[in-house]
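[1] the following comprises the amino acid sequence and a computationally predicted model.
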Amino acid sequence: MKFSKSNNCENCILKCDIYSTLVSSGRKSDEISPLRASIKRNEIICKQGTEVTHALFLVKGSAKLYIEGLNNRNIILYLLKPPAYIGLLSFFESNDYSYSVAAIEDSEVCFIELDLVKRLYVENHTLLLNLNKAFGKSVSNIMKKIISLNQKQIRGRFAENLIYLSELHNNRTFHLGLSRKEIGEMAGVSEENSVRLLSEFSKESIIHIKGREIEILDMPLLKKISDVG
């Protein structure tokens, strides 16, 4: 992780809610004084069990939020694409992260002083609503994952996650930035089962795989498999 001082939020392509809050209240945006971090693929952004020191905002790339399980058996709860807060669930809930976040491609993250965010959260109603909305979206994603892992069989879970990836990319054809192991971690299955299910869905003409590109050929059938899980 390579840090650089980034005081000029004016030139940032993505204007976070913290910037908008300061500007709308007539204050200077340089109060944010963020640290910009360049993060390589697979590099840890924040680690489960470590102290929460900053609010993190993903401005470029993508990341996975996951629970570290025993014997290196992780569960990916959901993926993050800009603009997105990282670690929002731990802003106010605890002093330590209850999950880990890692980049799934070269990414950039702004580290913003947590005390500033907490102060603005109390002072500004709009920021409070925006952060609560983002927090609610995170909780909703986790609840869906819990229901899926507990109530669906592996084909249903796997189909659900292929649909999720398609919706995330807003396209039925998408580049697979995740490894086969990571796709399995999204569905709570082993890497071996992940490879097997991709092969099965391909042979059944539900999807087409070419290298790291996946095309969903039969979305209605994929949704049916997901629903009956």
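    Yes, it's here.

[2] from Leu129, how far off is Tyr121?
    10 Å (Cβ to Cβ, to the nearest Å). Every C-beta, even on glycine, is put in place using the N, C-alpha and C of the backbone.

[3] more crowded one of these two?
    Tyr121 (20 against 11; other Cβ atoms under 10 Å).

[4] next, give phi and psi for that one.
    Dihedral pair for Tyr121: phi -60, psi -40, per degrees, to the nearest 10.

[5] ok, it touching Leu128?
    Yes: with contact defined as Cβ atoms under 8 Å, Tyr121 reaches Leu128; the gap is 5.6 Å.

[6] residue ranges of the helices in this structure, please?
    For the chain, applying DSSP state H gives helices covering 17-24, 114-123, 125-151, 154-169, 180-187, 191-203, 219-228.

[7] residue most distant from the centroid, this structure?
    Within the chain, Gly26 marks the point farthest from the mean C-alpha position, 32.1 Å out by Cα atoms, centre = their mean.

[8] and the average pLDDT for stretch 193-205 is what?
    The pLDDT scores in stretch 193-205 average 97.

[9] from the chain's centroid, how far away is that stretch?
    With Cα atoms, centre = their mean, to the nearest Å as the basis, stretch 193-205 stands 25 Å off its chain's centre.

[10] ok, stretch 102-116 next?
    Stretch 102-116 has its average C-alpha position 12 Å from the chain's average C-alpha position, going by Cα atoms, centre = their mean.

[11] can you check the pLDDT for Phe92?
    Listed pLDDT for Phe92 reads 68.

[12] domain ranges for this protein?
    Here the domain parsing of the chain from automatic domain parsing is 2-140, 150-228.

[13] any idea which of these scores lowest on pLDDT?
    The weakest mean pLDDT among these belongs to domain 2-140, with a mean of 87.

[14] show the contacting residues for the residue farthest from the centre of the chain.
    Counting by Cβ atoms under 8 Å, 6 or more residues apart in numbering, Gly26 touches no other residue.

[15] please tell me how far Ile147 sits from Lys2.
    Ile147 is 39 Å from Lys2, by Cβ to Cβ.

[16] now the helices of the chain as JSON lines including distance to Gly87?
    Formatted as JSON lines, the helices of the chain follow (distance: least, Cβ to Cβ, whole Å):
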{"stretch": "helix 17-24", "distance to Gly87": "14"}
{"stretch": "helix 114-123", "distance to Gly87": "10"}
{"stretch": "helix 125-151", "distance to Gly87": "10"}
{"stretch": "helix 154-169", "distance to Gly87": "19"}
{"stretch": "helix 180-187", "distance to Gly87": "19"}
{"stretch": "helix 191-203", "distance to Gly87": "27"}
{"stretch": "helix 219-228", "distance to Gly87": "29"}
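
[17] just tell me which of those ends up closest to Asn42.
    For the helices of the chain, proximity to Asn42 was assessed by Cβ to Cβ; helix 180-187 is nearest, at 9.8 Å.

[18] helices and strands around the closest one, which ones?
    Judged by 3 or more Cβ pairs under 8 Å, 6 or more residues apart in numbering; DSSP states H and E, the packing partners of helix 180-187 are strand 75-80, helix 154-169, helix 191-203.
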